[in-house]
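A predicted structure for the sequence below; I have some questions about it.
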Amino acid sequence: MTIPAGLPKHVAVRDVGPRDGLQPEEPVPVSDRIRLVEALAAAGVPTIEVAAFVSPKAVPAMAGAGEVVAGVPARPGLVRAALVPNAKGATLALEAGVEEITVTISASETYNQRNVHMTTAESEAAIAEIVAIAADAGIPVDAVVSCAFGSPYEGEIAPVDIADLSARVLDTGVDRVTLADTTGMATPRRVHEVVEAVRAAGIPLETTGLHLHDTRGTALVNAYAALQHGITRFDTSVGGLGGSPFAHGAGGNLATESLVAMLDDLGIETGIAIEPLVEAAALIESLVGRPVPSGVAHHGPRSRAHAG
């Protein structure tokens, strides 16, 4: 199969379903969260954000993070990632044995306060502290820049400001940045503007990923636009679940199976098998007790469809 001109040969996918997908839901037992992670690993998902080491009072659905990590044995080809808000969370995650840490910082001051109860400047300092702890353990850190395509509170945020914040975060020592469309405000035009601002700031696109939400039904077309601009790393959530409980209007994530099905059709490699992935989407649907928003989860990929 010939890949369309200008598109990459390979895309890296990090499934955040066990964390971002489940965090706004009623708590799911640790044993079932482990089942979900194992189902994603069996489908070939290379990196899975398995948990968040946060206060269970703030996010009850993430209680038992250490137990989840312990229940998913380390193995070649699988990176178990965890979200942490501070040095204490980082220490707990590293003690649990994760292979990657994710941190968040928002381009929106209001959202940053609501999400982590810190100013953006305070979050930069916290990230530097987390990086130092992770570096001692040889564990990479990915900084997710929330509201990178607009804020539900401040509205439009200049692309140059997103690039500037990304550069400052990289200066703390993080290994990568991931631009997050926290409430689904991105469009292909906006993706183009932000990615080009990041490129103009001298930030290598190989260190830059996208975390897309489908609030307004544009996540997949935004992913395609990002591919055209050289982005090859994406956060997705199995079943299309997710959304921050601290951001009004946040919708679900780009569904992992939707992105993989499109990439398969384009001839772009992910290393992920679509049918086991659809089975994982059925599992998360059963765990939350309601239909997931993903069309591919319900109808399968195009390759399964029959004419007429």
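Here it is on my side, so go on.

Average pLDDT for stretch 144-161, rounded please.
Throughout stretch 144-161, pLDDT has a mean value of 94.

Buried residues in it, which are they?
The neighbour-count check on stretch 144-161 (16 or more other CB atoms under 10 Å) flags 144-153, 157, 159 as buried. Where you see a C-beta, it was placed from the backbone N, CA and C, and this is true even at glycine.

do the same with stretch 22-31
22-25, 27-28, 30.

just to revisit the earlier point, which of the buried residues of stretch 144-161 fall within strands?
Where these overlap with strands, as defined by DSSP state E, the overlap consists of 144-146.

Can you tell me which of those comes closest to residue 175?
Sorting these by distance to residue 175 puts residue 144 at the head of the list, at 12.5 Å, by CB to CB.

Identify the bridge partners of the closest one.
Here residue 144 sits in beta bridges with residue 104, residue 178, as judged by DSSP bridges.

Distance from the lowest-mean-pLDDT helix or strand in the chain to the middle of the chain?
Confidence across the helices and strands of the chain bottoms out at helix 109-116, with a mean of 88, counting by mean pLDDT, DSSP states H and E. For helix 109-116, the distance from its own C-alpha centre to the chain's C-alpha centre is 18 Å (CA atoms, centre = their mean, to the nearest Å).

residue ranges with poor pLDDT in the stretch 201-308 of the chain?
For the stretch 201-308 of the chain, the stretches with pLDDT under 70 are 244-251, 306-308.

Let me see the ranges of the helices in it.
In the stretch 201-308 of the chain, helices defined by DSSP state H, counting those that start in this stretch lie at 219-228, 256-266, 274-288, 295-299, listed in chain order.

cool, and the stretch 51-200 of the chain?
So, for the stretch 51-200 of the chain - with DSSP H, counting those that start in this stretch - the helices run 65-70, 87-96, 109-116, 120-137, 159-171, 188-200.

Adding distance to residue 9, write those helices out as JSON lines.
Formatted as JSON lines, the entries for the helices of the stretch 51-200 of the chain read as follows, by distance: least, CB to CB, whole Å:
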{"stretch": "helix 65-70", "distance to residue 9": "32"}
{"stretch": "helix 87-96", "distance to residue 9": "32"}
{"stretch": "helix 109-116", "distance to residue 9": "36"}
{"stretch": "helix 120-137", "distance to residue 9": "30"}
{"stretch": "helix 159-171", "distance to residue 9": "25"}
{"stretch": "helix 188-200", "distance to residue 9": "19"}
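
So which residue is smack in the middle of this protein?
Most central residue of the chain, judged by C-alpha distance to the mean C-alpha position with CA atoms, centre = their mean, is residue 235 at 3.3 Å.

wouldn't that one be in contact with residue 208 here?
No - contact status for residue 235 versus residue 208: not in contact, 12.0 Å apart, counting by CB atoms under 8 Å.

returning to what we had before: for the least confident helix or strand of the chain, which positions count as buried?
Of the residues in helix 109-116, those scored as buried under the neighbour-count criterion (16+ other CB under 10 Å) are 109, 111-116.

ok, so of the residues you listed, who is nearest residue 171?
Each of those was scored against residue 171 by CB to CB, and residue 112 proved nearest at 17.9 Å.

Report the separation between that closest one and residue 126.
The spacing between residue 112 and residue 126, counted by CB to CB, to the nearest Å, is 11 Å.

Quickly list what's touching both of those two.
Overlap of the contact sets of residue 112 and residue 126 (by CB atoms under 8 Å, 6 or more residues apart in numbering) consists of residue 118.
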